[in-house]
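Participant: After the sequence you'll find the predicted model.
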Amino acid sequence: MLTKRIIPCLDVKDGRVVKGVHFVDLRDAGDPVELSRMYNEQGADELVFLDISASPRGHATTLEIVSRTAAEVFIPLTVGGGIRSTEDMKKVLKAGADKVGVNTAAVKDPELIRLGAEKFGTQCIVCAIDAKAVFEEREDRFMVDTEQGRCWYEVYIYGGRTGTGVDAVEWGRRVEELGAGEILLTSMDADGTKDGFDLAMTDVFSRETNIPIIASGGAGDKDDFYNVFKNTGCDAALAASVFHYKEYTVGDIKDFLGKKGVAVRI
Amino acid sequence: MITIIDLGLGNVNSVMRALNYLKVSNRVSSEISDLEEAEKLIFPGVGNFFEASKRLEINGMKQAIREQVLELGKPILGICLGMQLLANEGEEGGISKGLGLIDGRVVRMSSEKVGLRLPHIGWNDVSHRNLKLFSGIDENACFYFVHSYALELEGDVEHSLSNYGTDFVAAVKKDNIIGTQFHPEKSQKDGLKLLTNFVNGVF
């Protein structure tokens, strides 16, 4: 039976792991290679590195970190952040990534997904979508009924700083057609709150697309992981700060899920 | 020495990294002379069957692999697409020929039949593990899979199964010819153990 994946995410800036609330107010959370090693030992199913460095030197440092991690951690590694071309993809894959995360550049030029999938295979392309609920009725948007009211989801780019007006569900369907192998779905509303994953958003994406969905944003408690697997069709759940600040280990989460009847790799 | 066959398609370096970590001497190569010098071959693969099939026809690579494996009896481990390419033919990207080392064909896992999303990505357990390749590995161990196509065997060939809506071939063995649909090089300690078994001739 295919198990549900637990994925720690490392936001890497200039060689350090950082974490913020709503993509701002960054705090230092440790050494990326050390954290990767620790999560691997705890039973992480995969690791995601998100490079948020602003300089070429910062990006080069991230590649070094990926390469050092890949030499000793034998689980799938996804690397995203600042990927603008298939040339950029090639660089991170060469450094040791198994998959490449694309976000802003793909929204601006969706061909990037198609080109990447053609060149490296669909399994290589993870499309990250950062989205936020907009509570207004629109005929030309995919409307969703949530506990907070009726809304549609808007795609944000540039690390969650810029709204695009693009319908996120529509975009999700499109990236599947273009050849993305997975969607890493971050709820901007839930991110950093520790109030739990955005169940309504995750649910609609898992219904409206046919590729695996990785739920992200809002993990604070063990129950949050259980709820997202129980109430939505997502394949994986991603979290950062609950792991970085050692509130729970990956093993704690998996033991808990296993006891509640969710299939996980122990 | 183990030669990791590189068709210049996907990223084969993760197998190299795993062997380096296990301190097993290895070489990533697309040269036939390196196949001849090797004790064992690993044929990893990500990418498209049709494209790989075309590459196999270049410079006599296909013939060289068949010679090393069938005539000289060198063990070969095909991984993911590498396992699929052991078969007679595949339908991904149009019908094309594989290495013809194992009787079978590679077909798309039907998402209607499976009733689940494709690609099949993630950690899945393996049943009917009668192959020695799994020696010393916990019975509930999971391995990492990424694929949308699966091998349909013809005739009686030893194999293990995994289930994703329906049973499919997770590992296969015919004499010195071994294949895994999953990626041992990405399956943490259990995957490393399986690679060690292959290196030590335990299959």
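Facilitator: In hand now; what should we look at?
Participant: Quick one: low-confidence residue ranges for chain B.
Facilitator: When residues are selected by pLDDT under 70, those of chain B lie in B:111, B:113-115.
Participant: run the last query once more with 50
Facilitator: Scanning chain B for pLDDT under 50 picks out no residues.
Participant: So which residues of it form strands?
Facilitator: B:2-5, B:26-29, B:40-43, B:76-79, B:87-90, B:96-97, B:102-108, B:120-125, B:142-147, B:149-153, B:158-164, B:166-174, B:177-180 (DSSP state E).
Participant: Can you give me the pLDDT of the closest residue to chain B within the stretch 101-250 of chain A?
Facilitator: Nearest residue of the stretch 101-250 of chain A to chain B, counting by C-beta to the nearest C-beta: A:Gln123, 4.4 Å away. C-betas here are computed from N, CA, C, even on glycine. With respect to pLDDT, A:Gln123 scores 89.
Participant: show me the contacts for it.
Facilitator: A:Gln123 sits next to A:99, A:181, B:46, B:119, B:121, B:146-147 when contact means C-beta atoms under 8 Å, 6 or more residues apart in numbering or on different chains.
Participant: Any stretches of the stretch 101-250 of chain A with poor pLDDT?
Facilitator: In the prediction, the stretch 101-250 of chain A carries no residues with pLDDT under 50.
Participant: Enumerate the residues of it near chain B.
Facilitator: Taking C-beta under 8 Å from any C-beta of the partner chain, the part of the stretch 101-250 of chain A that reaches chain B is made up of A:120-124, A:181-182, A:210-212, A:235-236.
Participant: from those, which would you call buried?
Facilitator: Buried subset of those (neighbour count, 16 or more other C-beta atoms under 10 Å in any protein chain shown): A:120-124, A:181-182, A:211-212, A:235-236.
Participant: Turn the residues you listed into TSV, including secondary structure.
Facilitator: As requested, these are arranged in TSV below (DSSP: H, G, I helix; E, B strand; the rest coil):
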residue	secondary structure
A:Phe120	helix
A:Gly121	coil
A:Thr122	helix
A:Gln123	helix
A:Cys124	helix
A:Gly181	coil
A:Glu182	strand
A:Ile211	coil
A:Pro212	coil
A:Asp235	coil
A:Ala236	strand
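Participant: Which of these sits closest to A:Val228?
Facilitator: Nearest to A:Val228, judged by C-beta to C-beta, of those is A:Ala236 at 9.6 Å.
Participant: Not counting residues beside it along the chain, what's closest to that closest one?
Facilitator: A:Arg5 (3.6 Å; C-beta to C-beta, 6 or more residues apart in numbering or on different chains).
Participant: Tell me how far the one you found lies from A:Ala263.
Facilitator: 11 Å (C-beta to C-beta, to the nearest Å).
Participant: what does the longest helix along chain A rub up against?
Facilitator: Across chain A, the helix with the greatest residue count (assigned by DSSP state H) is helix A:56-70. For helix A:56-70, the external contacting residues (C-beta under 8 Å, 6+ apart) are A:12-15, A:32-33, A:36-37, A:47, A:49, A:51, A:53, A:77, A:79, A:81-82, A:91-92, A:95-97, B:14, B:17.
Participant: Same list (the contacts of A:Gln123) but as CSV, adding distance to A:Gly217.
Facilitator: Converted to CSV, the contacts of A:Gln123 look like this (distance: C-beta to C-beta, whole Å):
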residue, distance to A:Gly217
A:Lys99, 19
A:Gly181, 21
B:Val46, 29
B:Pro119, 24
B:Ile121, 21
B:Val146, 24
B:His147, 29
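Participant: Report the two of the residues you listed separated the most.
Facilitator: A:Lys99 and B:His147 (14.0 Å).
Participant: what are the pairing partners of the helix or strand where A:Ala237 lies, and which direction each?
Facilitator: Here A:Ala237, judged by DSSP states H and E, is contained in strand A:236-239. Partners of strand A:236-239 in the sheet, by DSSP bridges, are strand A:5-13 (parallel), strand A:213-216 (parallel).
Participant: which of these is buried the deepest?
Facilitator: strand A:213-216 (a mean of 28; mean count of other C-beta atoms under 10 Å in any protein chain shown).
Participant: Report the next helix or strand after it in sequence order.
Facilitator: Sequence-wise, the next helix or strand downstream of strand A:213-216 (DSSP H and E) is helix A:222-231.
Participant: Tell me the one of the residues of the stretch 101-250 of chain A next to chain B nearest B:Ser96?
Facilitator: Scanning these for proximity to B:Ser96, where the rule is C-beta to C-beta, the winner is A:Gly121, at 16.3 Å.
Participant: between the contacts of A:Gln123, which is closest to A:Thr86?
Facilitator: Of all the contacts of A:Gln123, A:Thr86 sits closest to A:Lys99, with 14.0 Å by C-beta to C-beta.
Participant: Skipping adjacent residues, who's closest to that closest one in space?
Facilitator: Excluding its sequence neighbours, the residue lying closest to A:Lys99 (C-beta to C-beta, 6+ apart) is A:Thr78, at 4.2 Å.
Participant: number of nearby residues for the one you found?
Facilitator: Applying other C-beta atoms under 10 Å in any protein chain shown, we find 26 residues neighbouring A:Thr78.
Participant: Touching the host helix or strand of it from outside, list them.
Facilitator: Per DSSP H and E: A:Thr78 is located in strand A:77-80. If you take C-beta under 8 Å, 6+ apart as the criterion, strand A:77-80 is touched by A:46-51, A:62, A:66, A:69-70, A:92, A:95-103, A:126, A:128, A:184.
Participant: Please list the members of those that lie in strands.
Facilitator: Among the contacts of strand A:77-80, the members falling in strands (DSSP E) are A:47-51, A:99-102, A:126, A:128, A:184.
Participant: so, if you compare those residues, which one comes nearest to A:Asn231?
Facilitator: Among those, A:Leu184 lies closest to A:Asn231 (C-beta to C-beta), at 18.8 Å.
Participant: who touches that closest one in this structure?
Facilitator: Here A:Leu184 is in contact with A:48, A:78, A:80, A:101, A:126-129, A:214, A:216, A:238 (criterion: C-beta under 8 Å, 6+ apart).
Participant: could you redo the last one with a cut-off of 7 Å?
Facilitator: A:Leu184 makes contact with A:101, A:126, A:128, A:214, A:216, A:238 under the criterion C-beta atoms under 7 Å, 6 or more residues apart in numbering or on different chains.
Participant: Show me which helix runs longest in chain B.
Facilitator: Taking DSSP H as the criterion, chain B has its longest helix at helix B:188-199.
Participant: what's the neighbour count on A:Asp224?
Facilitator: 22.
Participant: Please report the distance of it from A:Val242.
Facilitator: A:Asp224 is 9 Å from A:Val242, by C-beta to C-beta.
Participant: Then A:Arg37?
Facilitator: As judged by C-beta to C-beta, A:Arg37 and A:Val242 stand 18 Å apart.
Participant: Between those two, point out the one with more neighbours.
Facilitator: Neighbour count, other C-beta under 10 Å: between A:Arg37 and A:Val242, A:Val242 has more, with 21 against 15.
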